[in-house]
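>>> What follows is a predicted structure for the sequence shown.
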Amino acid sequence: MCADNQEVLDRSEVVIVAVRRQDHQEALAGLEMDDDKTVVNLMAGVATDDLRRTLATGAPIVRAIPLPAVRERRSVTVTCPSHPVVDSLFEQLGGVLPVADEGAFNVFSALTGTLTAHYAYLATLTSWATGHGIAPDAADRYVRGLFQNVGCSLSDETRPLHQLAADHETPKGNNERIRTTWFDPANAAALVKALDGLLADLK
């Protein structure tokens with residue numbers, strides 16, 4: 001057991017900082033970080049230079065975006081910049097995708113903000129079916145199975161995503177109809193606008 005955060009730092013070779021970005025200055029205030037540590041910054045929107053000023057350290061600082069699926073070793077983790085110790089850690093947890101600069105890193109960080117929108121989309125489908133008389137448990141089971149099976153095709157990295165979409169459509173069929181009438185240019189533009197706004201906040 002460690003008495004406080006300073007003792008945790010003193011006894012660690014790799015230090016992972018994973019507090020909410022609005023809390024990080026208070027949480028890290030007064031800590032002394034030796035330059036021989038390796039710092040892994042998991043805080044979205046906290047740049048390396050900002051964290052370095054807060055910690056007043058010359059230690060290597062690596063930003064990373066581990067997603068919940070690392071628990072099952074099924075999710076690639078973006079890191080910036082590449083660092084042998086940090087990349088080796090995340091390589092064991094599903095893979096690593098190092099990027100060279102924080103501009104690119106922030107783009108990947110913004111993409112993570114779309115996860116719950118996907119779940120909300122699926123929940124909307126089940127609600128629609130329930131509204132048309134389908135039992136909630138049956139609607140839920142069917143939608144889960146439908147998208148779990150579609151998700152399996154994502155492991156086929158020989159086909160780009162737009163090709164996967166085309167391969168799942170019949171010309172003039174039901175999938176093409178929903179894609180072109182619901183996910184129209186205005187809907188796509190709204191998504192791009194939301195992502196651009198999030199990216200601006202992360203810079």
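Structure's in. What do you need?

>>> What pLDDT does the model give the residue nearest the centre of the chain?
Geometric centre of the chain, nearest residue: Thr112, 3.2 Å, by CA atoms, centre = their mean. On the pLDDT scale, Thr112 is placed at 94.

>>> One more: Arg20?
pLDDT, Arg20: 92.

>>> What residues does it make contact with?
Arg20 sits next to Met43 when contact means CB atoms under 8 Å, 6 or more residues apart in numbering. C-betas here are computed from N, CA, C, even on glycine.

>>> switch to 7 Å and redo it
By CB atoms under 7 Å, 6 or more residues apart in numbering, the contact list for Arg20 is empty.

>>> Could you tell me the phi and psi values at it?
Dihedral pair for Arg20: phi -60, psi 140, per degrees, to the nearest 10.

>>> Please tell me how far it sits from Leu67.
Distance check for Arg20 against Leu67: by CB to CB, to the nearest Å, it reads 17 Å.

>>> where does the closest residue to Ile16 other than its chain neighbours land in three-state SS?
In space, Ile16 comes closest to Val40 once its chain neighbours are excluded; the distance is 4.6 Å by CB to CB, 6 or more residues apart in numbering. Taken by DSSP: H, G, I helix; E, B strand; the rest coil, the conformation at Val40 corresponds to strand.
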